[in-house]
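Asks: give me a model of this one.
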Amino acid sequence: MKIFDSHAHYDDRAFDDDRHELLMKLFDRDIANIINVGCSVKGSYASAELAEKYPGIYASAGLHPDAAEEIGRIDEIRSLCGREKVVAVGEIGLDYHYEDPGRDVQKIAFEEQLKLAKELDMPVIIHSRDAWEDTMELLKKYKPRGVMHCFSGSAEIAEELVKMDFYIGFTGVITFKNAKKAVRALEKVPIDRLLVETDCPYMAPEPLRGKRCDSGMLVHTLGAMAAIKGIDAEKMAEITAENAKRVFGI
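Replies: Below is the predicted model of the structure:
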């Protein structure tokens with residue numbers, strides 16, 4: 001089984017003690033490719049550098065809602081997007097869970113990066129938490145293509161996103177006992193629009209919930225997704241890998 005982790009954060013300090021050793025182990029086993037996702041200017045540089053160091057890693061560059069106040073440095077994001085192995089603008093979006101920075105600042109940063117993705121003809125990686133109404137309004141306005149990462153919305157929103165040419169990423173949350181909403185959404189997403197992701201070091205699946213997550217744990221997430229879709233896990237790994245390569249142009 002060759003697995004494509006479509007959303008990871010190996011630049012996170014949680015991996016500082018064993019990053020190289022872990023990545024070598026993962027690539028020696030079942031992991032074929034990883035998208036390391038930028039969340040800030042610093043994180044986007046780090047993601048691009050990881051992609052240049054490891055053949056199996058690709059990167060994205062962008063400002064997470066938490067880093068929206070860095071939007072004045074968007075020219076650096078634009079420059080990073082010109083690097084050969086940077087394949088998307090992201091992760092970008094809206095997060096109203098804590099509202100820090102405020103909604104207005106987040107919206108400005110989101111819109112500027114949606115414009116950048118259109119300018120560069122690149123896919124986006126979208127983060128949306130407790131902000132579905134505003135997220136969908138801006139996606140309908142700018143009409144990007146790309147990925148809705150770590151999907152937490154309703155089945156109806158999932159269906160709407162698919163109609164808008166989006167792929168939907170699911171994490172280890174799909175294995176949790178209380179994940180009924182995620183399961184209903186996954187049931188509605190066509191198999192050719194599914195992606196599997198870790199969001200590591202977060203979101204470790206059952207039976208490893210609470211541990212530092214890494215791409216090797218995707219076997220559990222794939223098993224849950226496969227059972228919901230009525231196929232075997234190896235086929236699910238193959239399909240999600242093909243989907244990731246398609247959306248990211250790899």
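
Asks: what segments of this structure are strands?
Replies: 3-8, 31-36, 57-61, 86-95, 124-129, 146-148, 166-170, 194-196 (DSSP state E).

Asks: next, format those as JSON lines and append distance to E112 and mean neighbour count.
Replies: All C-beta atoms are positioned from the backbone trio N, CA, C, and that covers glycine. Shown next, in JSON lines, are the strands of the chain (distance: least, C-beta to C-beta, whole Å; neighbours: other C-beta atoms under 10 Å):
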{"stretch": "strand 3-8", "distance to E112": "22", "mean neighbour count": "28"}
{"stretch": "strand 31-36", "distance to E112": "22", "mean neighbour count": "24"}
{"stretch": "strand 57-61", "distance to E112": "13", "mean neighbour count": "29"}
{"stretch": "strand 86-95", "distance to E112": "9", "mean neighbour count": "27"}
{"stretch": "strand 124-129", "distance to E112": "12", "mean neighbour count": "26"}
{"stretch": "strand 146-148", "distance to E112": "16", "mean neighbour count": "28"}
{"stretch": "strand 166-170", "distance to E112": "20", "mean neighbour count": "26"}
{"stretch": "strand 194-196", "distance to E112": "25", "mean neighbour count": "26"}
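
Asks: could you dump these into JSON lines and include distance to Y202 and mean pLDDT?
Replies: Listed next are the strands of the chain as JSON lines, based on distance: least, C-beta to C-beta, whole Å; pLDDT from 0 to 100:
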{"stretch": "strand 3-8", "distance to Y202": "10", "mean pLDDT": "98"}
{"stretch": "strand 31-36", "distance to Y202": "14", "mean pLDDT": "98"}
{"stretch": "strand 57-61", "distance to Y202": "17", "mean pLDDT": "98"}
{"stretch": "strand 86-95", "distance to Y202": "13", "mean pLDDT": "98"}
{"stretch": "strand 124-129", "distance to Y202": "12", "mean pLDDT": "98"}
{"stretch": "strand 146-148", "distance to Y202": "17", "mean pLDDT": "98"}
{"stretch": "strand 166-170", "distance to Y202": "13", "mean pLDDT": "98"}
{"stretch": "strand 194-196", "distance to Y202": "15", "mean pLDDT": "98"}
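
Asks: could you dump these to a markdown table with distance to G216?
Replies: Supplementary listing: the strands of the chain in a markdown table, determined by distance: least, C-beta to C-beta, whole Å:
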| stretch | distance to G216 |
| --- | --- |
| strand 3-8 | 9 |
| strand 31-36 | 7 |
| strand 57-61 | 15 |
| strand 86-95 | 22 |
| strand 124-129 | 22 |
| strand 146-148 | 22 |
| strand 166-170 | 17 |
| strand 194-196 | 13 |
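
Asks: nearest to E69, out of those strands?
Replies: strand 86-95 (13.3 Å; C-beta to C-beta).
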